[in-house]
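> Need the 3D shape of this:
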Amino acid sequence: MTHRAIDLNERFDQFSETWSPKVITTLNDYEIKLVRLDGEFVWHAHQDTDELFLVLSGKLTIQLREGEVRLSAGQLFVVPRGVEHCPITEGGEVRAMLIEPAGVINTGDAGGELTASYDDSLS
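Numbers count the residues shown, from 1 in each chain. The predicted structure follows:
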């Protein structure tokens with residue numbers, strides 16, 4: 001096994017689609033994912049897990065039914081399990097890292113056309 005650093009910029013250069021998380025590595029039972037975000041997602045919740053958003057570039061708002069959390073590059077927010085939320089970008093594309101248990105579906109309980117296929121091709 002070869003040990004090497006993972007270059008996030010190189011991984012982002014390998015895909016352009018938005019709202020479709022890509023697994024870049026695993027940590028125990030968790031997946032570390034990169035995602036490009038642009039526009040508004042769907043309202044959804046993850047009943048069985050928290051969801052961590054770490055903004056790497058751009059500005060992201062996590063809309064919550066009881067308010068919102070605004071994030072800039074270098075900031076993170078953990079959406080607690082079961083809390084309905086809707087990510088929306090401000091002023092263009094956001095690059096973010098997600099940390100979630102293996103197998104989490106990006107649209108949670110909402111489903112629909114923005115549900116991404118499982119993609120670990122960058123790991």
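> Tell me where this protein has helices.
In the chain, helices defined by DSSP state H lie at 8-12, listed in chain order.
> what about it, any weak spots by pLDDT?
For the chain, residues meeting the criterion pLDDT under 70 lie at 1, 105, 107-112, 114, 116-119.
> for F12, what are its contacts?
The contact partners of F12, by CB atoms under 8 Å, 6 or more residues apart in numbering, come to L34, R36, R95. Bear in mind the C-beta positions are built from the backbone N, C-alpha and C, glycine included.
> scratch that, G91
By CB under 8 Å, 6+ apart, the contact set of G91 is G58, K59.
> want to throw the contacts of F12 into a markdown table with neighbour count and distance to V83?
Converted to a markdown table, the contacts of F12 look like this (neighbours: other CB atoms under 10 Å; distance: CB to CB, whole Å):
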| residue | neighbour count | distance to V83 |
| --- | --- | --- |
| L34 | 20 | 23 |
| R36 | 20 | 23 |
| R95 | 18 | 23 |
